[in-house]
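Enquirer: Predicted model, plus sequence, below.
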Amino acid sequence: MYLSTNVRYDTNKEELYLVDLSIDKILDENGKEVADSSEAKMLKSLLSNYIETTPVYKYGEEYEEKE
């Protein structure tokens, strides 16, 4: 899978997000590009929504006490 994205930092939550995601192409297990089928479009949409709403890094986590 080939992605293009930008980065956004939420100062209130101190979290880093990937935004403006573009999934350029999806490859199958053999390395062949998957055409823009309805399944590929649905996968792109699901991944975009998930990635843009899930932080990729949370600042301060490395300093929190582990129980």
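Expert: In hand now; what should we look at? Numbers count the residues shown, from 1 in each chain.
Enquirer: Show me which helix or strand of this protein is least confident by mean pLDDT.
Expert: In the chain, no helix or strand scores lower on mean pLDDT, DSSP states H and E than helix 38-53, which sits at a mean of 84.
Enquirer: and that helix, what does it pack onto?
Expert: Contacts defined by 3 or more Cβ pairs under 8 Å, 6 or more residues apart in numbering; DSSP states H and E place helix 38-53 against strand 15-25. Every residue, glycine included, has its C-beta placed from N, CA and C.
Enquirer: what's around the closest residue in space to residue 14 that isn't next to it in sequence, how many residues?
Expert: Using Cβ to Cβ, 6 or more residues apart in numbering and skipping the chain neighbours, the partner closest in space to residue 14 is residue 59 (4.2 Å). Close neighbours of residue 59, defined as other Cβ atoms under 10 Å, add up to 14.
Enquirer: Can you give the contact residues for stretch 7-23?
Expert: 1-6, 44, 47-48, 51-60 (Cβ atoms under 8 Å, 6 or more residues apart in numbering).
Enquirer: Quick one, which of those residues are buried?
Expert: 5, 44, 48, 51, 55 (16 or more other Cβ atoms under 10 Å).
Enquirer: And the furthest pair within those?
Expert: Greatest spacing in these, by Cβ to Cβ: 44 and 55 (20.6 Å).
Enquirer: what's near enough to touch residue 28?
Expert: residue 34.
Enquirer: gap between the most centrally placed residue in the chain and residue 14?
Expert: With the centre of the chain defined as its mean C-alpha position, the nearest residue by Cα atoms, centre = their mean is residue 51, 3.2 Å away. Separation of residue 51 from residue 14 (Cβ to Cβ, to the nearest Å): 19 Å.
Enquirer: try residue 26
Expert: 32 Å.
Enquirer: neighbour count winner among these two?
Expert: Each of residue 26 and residue 14 has its neighbours counted (other Cβ under 10 Å); residue 26 has more, 17 against 13.
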